[in-house]
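# requesting a structural model of the entry that follows:
(chains A, B, C and D)
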2 protein chains.
Amino acid sequence: MTSGRSRGSSASSSRKLTLSSSLTRPLREEIVDELRYAIVTGDLEPNQRLVEEDLARTFEISRGPVREALRQLEQEGLVESTPHRGTAVLDISEAEISEVVIPIRIILETSAFLSVQGRLRPADVAKLQDCIDNMRVGDPREVADADMLFHRTVMERARKPHTLQIWQTISPRVRAFFTRHGQSADAAQSADEHQQLLDALCGTDPDLLRRTIREHIAVL
Amino acid sequence: MTSGRSRGSSASSSRKLTLSSSLTRPLREEIVDELRYAIVTGDLEPNQRLVEEDLARTFEISRGPVREALRQLEQEGLVESTPHRGTAVLDISEAEISEVVIPIRIILETSAFLSVQGRLRPADVAKLQDCIDNMRVGDPREVADADMLFHRTVMERARKPHTLQIWQTISPRVRAFFTRHGQSADAAQSADEHQQLLDALCGTDPDLLRRTIREHIAVL
DNA sequence: CGTCACCTAATTGTTGACAATGCGCCGACA
DNA sequence: TGTCGGCGCATTGTCAACAATTAGGTGACG
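Here you go, the predicted structure:
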């Protein structure tokens, strides 16, 4: 978790053009991404305390954005805060994953994938195919990254704000759970399953797509 | 590395029972509650802008807690923030409510209600019965308040942190949607349905409880 | 020997000021 | 007349200082 950055003054001549989305990304989003990634990859383990001032020093910023980032991670179920007592990485039980989180993810992705079916532009298909190709050559963490990117890409194309927003608070818990329990998916199998998903997405059979999603996600 | 601090179920020796969180509640929680209630009751309508400094003046606090409150409401899908452009109350379509939010709510409540079935203490039953009784005499807003309290009480008793946390980000959208579309539930019918829920909760038939929940929630 | 009040250190909660950004206005200019 | 670029305002983003709270230690006292 390293991030030397200096958003100091004196940015006169050249403007840094981040083609991500907004010209300048709020600092808290950067922190949220960093911390979330550290948690879902296992760099931060459950019950690990997160002290605001330590994080602020680490990222070389003030506590304000750090606090906002922690509030958001709390809403994503990755950390837990107790007033005046601090924040710690939160665990999640297999019971809640299998009974609640996975079924919810199926609902979200079924709705999104169905509304995207047959409406993918060539550029989208290419991006998704890239994800799949990357899965075949990467280490477990890279496979999980590509997996995440594949699904997120589809979720974003669905243009359903709440579906996407809820999905963003659900999927990190899933990844964190599997990381913690060493269930790194087999690269070849992951690639195959996503290829099936992409094929179904480009096809016209909604029931096939439904079944493919369900079997892909419901692995527990 | 921090001083080893064990959370969760450890020695329950001298546990100070904080029945409603903490003696001093963070200011942001107060703001979140106020704004959320204003939104779900319709006092704040979609696309209404929320300016940080105006809110700060209204509540007579500084902008810090206001910002944190807005971040949380954003995670609850009630408002939408765009960097440097501000925050506004967010709308939700019937499609997303019926296809995504309601099915998710059914999953959450089914899991929680089942794990609570037969384990309610007399005090809990009394509290739930109180909610039902209040439904029969109140105006639409009070009916909705009692409805919310009934479900929240059960969700809290389930002792499933993620299930509760996700539910808290789902249920406000449901209420906001029904408020905005004038579908205030009939008081008598609401009371009857919740009486059925309570009866099923006190009984021993899980399938009956499942069906009762589904029929109660899936009204669309 | 236990316990209770108090004190201290660590951490979170809150504040007000300052910086940066985006948007609309307005005039110059072809 | 249309549009292009700079200017100013409203608002959000960030910071550093200060206040409040909790947890844990310490010593007096029964």
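# just the closest residue of chain A to chain B, please.
When scored by Cβ to the nearest Cβ, chain A has A:Gln75 as its residue closest to chain B, at 3.6 Å. Bear in mind the C-beta positions are built from the backbone N, C-alpha and C, glycine included.
# with adjacent residues omitted, what lies nearest to that residue?
Leaving aside its chain neighbours, A:Gln75 sits nearest to B:Gln75 (3.6 Å; criterion: Cβ to Cβ, 6 or more residues apart in numbering or on different chains).
# what of A:Leu90?
Nearest non-adjacent residue to A:Leu90 (Cβ to Cβ, 6+ apart): A:Glu80, at 4.5 Å.
# ok, now which ones touch that neighbour?
By Cβ atoms under 8 Å, 6 or more residues apart in numbering or on different chains, A:Glu80 lies in contact with A:74, A:87-88, A:90, B:161.
# also A:Gly203?
Counting by Cβ under 8 Å, 6+ apart, the residues that A:Gly203 touches are A:117-118, A:209.
# just give me the closest of the residues you listed to DNA strand D.
DNA strand D has its nearest neighbour among the contacts of A:Gly203 in A:Gln117, at 34.8 Å by Cβ to the nearest atom of the strand.
# from B:Leu55, how far off is the residue nearest the centre of chain A?
Centroid-nearest residue in chain A, with Cα atoms, centre = their mean: A:Pro172, separated by 5.2 Å. Distance of A:Pro172 to B:Leu55, computed by Cβ to Cβ, to the nearest Å: 29 Å.
# A:Gly77 reaches A:Val174, doesn't it?
No. With contact defined as Cβ atoms under 8 Å, A:Gly77 does not count as touching A:Val174 (10.5 Å).
# picking that back up, quick one: buried residues of whichever strand or helix holds the residue nearest to the centre of chain A?
Using DSSP states H and E, A:Pro172 sits within helix A:161-180. Of the residues in helix A:161-180, A:162-179 count as buried by neighbour count, 16 or more other Cβ atoms under 10 Å in any protein chain shown.
# and it with chain B, contact?
Yes. Helix A:161-180 lies within reach of chain B by Cβ under 8 Å from any Cβ of the partner chain, at A:161-163, A:165-166, A:169-170, A:173.
# distance from that helix to the middle of the chain?
Offset of helix A:161-180 from its chain centre (Cα atoms, centre = their mean, to the nearest Å): 6 Å.
# tell me how far the helix or strand following it lies from the chain's centre.
Counting by DSSP H and E, the next helix or strand C-terminal to helix A:161-180 is helix A:187-202. For helix A:187-202, the separation from the chain centroid amounts to 19 Å (computed by Cα atoms, centre = their mean).
# who touches the following helix or strand past helix A:187-202?
The C-terminal neighbour of helix A:187-202 among helices and strands, as given by DSSP H and E, is helix A:206-217. Residues from elsewhere that reach helix A:206-217 (Cβ under 8 Å, 6+ apart): A:102, A:105-106, A:109-110, A:113-114, A:117, A:193-194, A:196-197, A:200-201, A:203.
# hmm, back to that, identify, from the contacts of A:Glu80, the entry nearest to DNA strand C.
Among the contacts of A:Glu80, A:Thr87 lies closest to DNA strand C (Cβ to the nearest atom of the strand), at 5.4 Å.
# how many neighbours does that closest one have?
21 (other Cβ atoms under 10 Å in any protein chain shown).
# same thing with A:Asp205?
Going by other Cβ under 10 Å, the residues that sit close to A:Asp205 add up to 11.
# for A:Leu149, which residues are in contact?
The contact partners of A:Leu149, by Cβ under 8 Å, 6+ apart, come to A:Cys131.
# wait, is it part of a helix?
Yes. Using DSSP: H, G, I helix; E, B strand; the rest coil, the secondary structure at A:Leu149 is a helix.
# gap between it and B:Tyr37?
Separation of A:Leu149 from B:Tyr37 (Cβ to Cβ): 38 Å.
# tell me which residues of stretch A:49-69 come out buried.
Buried residues in stretch A:49-69, counted by 16+ other Cβ under 10 Å: A:49-50, A:52, A:55-56, A:59, A:61, A:65-69.
# for that stretch, list the C-alpha coordinates in CSV.
What follows is stretch A:49-69, C-alpha atoms only, in CSV (Å, rounded to 0.1, in the frame of the first residue of the first chain):
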residue,chain,number,x,y,z
ARG,A,49,-7.4,-1.7,13.1
LEU,A,50,-7.4,1.4,10.8
VAL,A,51,-6.3,4.5,12.6
GLU,A,52,-7.2,7.7,10.8
GLU,A,53,-4.0,9.5,11.5
ASP,A,54,-1.8,6.6,10.5
LEU,A,55,-3.7,6.3,7.2
ALA,A,56,-3.4,10.1,6.7
ARG,A,57,0.3,9.9,7.2
THR,A,58,0.6,6.9,4.9
PHE,A,59,-1.2,8.6,2.0
GLU,A,60,0.3,12.0,2.9
ILE,A,61,-3.0,13.7,3.2
SER,A,62,-5.1,15.1,6.0
ARG,A,63,-7.7,13.1,8.0
GLY,A,64,-10.7,14.6,6.3
PRO,A,65,-10.7,12.5,3.1
VAL,A,66,-9.6,9.5,5.2
ARG,A,67,-12.6,9.8,7.3
GLU,A,68,-14.9,10.0,4.4
ALA,A,69,-13.2,7.0,2.8
